[in-house]
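[1] Task: produce atomic coordinates for the following.
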Amino acid sequence: MTALSRYVLPLCVGLIMVPLARFGRKRYTRTWWKAGAATLFAAAVCFFSYEWLSTRWTCSYNHQPVVIGSEFMPGREEWTKTNGRFFECHDWIMAHGGKVEDIWTKSSIDRRCANLSALYIVSLPIAALAMICILQAIYCNSRKN
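    From the prediction side, this is the model:
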């Protein structure tokens, strides 16, 4: 868990406390159920998007994942075309001593890092909101009119 997500999660829970108190009657059961289903779906999409992108956008270097870029540095594209059929991304990184900035542009690496971080940080609060919405639906359904 990143340091930022430790603050985002309690803030999201705090934001939903007012709607929980205000819409706690039996007639809101279906609304809470729909909100729970929607946020659960969104959490699953964020999680699996993060997992899929992290496998596509990282390579291993010294048994550690390293984010790779999408745009080659000038001159490296020709090198990868001539040598690329024999190399995979971890071989390219090894050939450059672990300096991914020598292979891909820093802006493309930073963009991918930001996208992965955003997906990771957003997944946890959305999953927490899904759980809260589903619990509220159960609570509203158990109340008497």
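
[2] immediately after the helix or strand of the chain with the lowest mean pLDDT, which helix or strand?
    Of all helical and strand segments in the chain, the minimum by mean pLDDT, DSSP states H and E falls on helix 76-83, at a mean of 65. Using DSSP states H and E, the helix or strand that directly follows helix 76-83 along the chain is helix 89-95.

[3] Summarise which helices and strands that following helix is packed against.
    strand 58-61 (3 or more Cβ pairs under 8 Å, 6 or more residues apart in numbering; DSSP states H and E). (Glycine included, C-beta is placed from N, CA and C.)

[4] Keeping just the C-alphas, turn the strand it packs on into PDB.
    What follows is strand 58-61, C-alpha atoms only, in PDB (Å, rounded to 0.1, in the frame of the first residue of the first chain):
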ATOM      1  CA  THR A  58       7.400  -3.800 -16.700                       C
ATOM      2  CA  CYS A  59      10.400  -6.000 -17.200                       C
ATOM      3  CA  SER A  60      12.600  -7.700 -14.700                       C
ATOM      4  CA  TYR A  61      16.100  -6.400 -13.900                       C
END
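
[5] Might you report the residue contacts of residue 9?
    124, 125, 128 (Cβ atoms under 8 Å, 6 or more residues apart in numbering).

[6] can you tell me which of those lies nearest to residue 101?
    Ranked by distance to residue 101 (Cβ to Cβ), the contacts of residue 9 are led by residue 124 at 29.8 Å.

[7] I figured the closest one hits residue 8, correct?
    Yes: judged on Cβ atoms under 8 Å, residue 124 makes contact with residue 8 at a distance of 7.5 Å.
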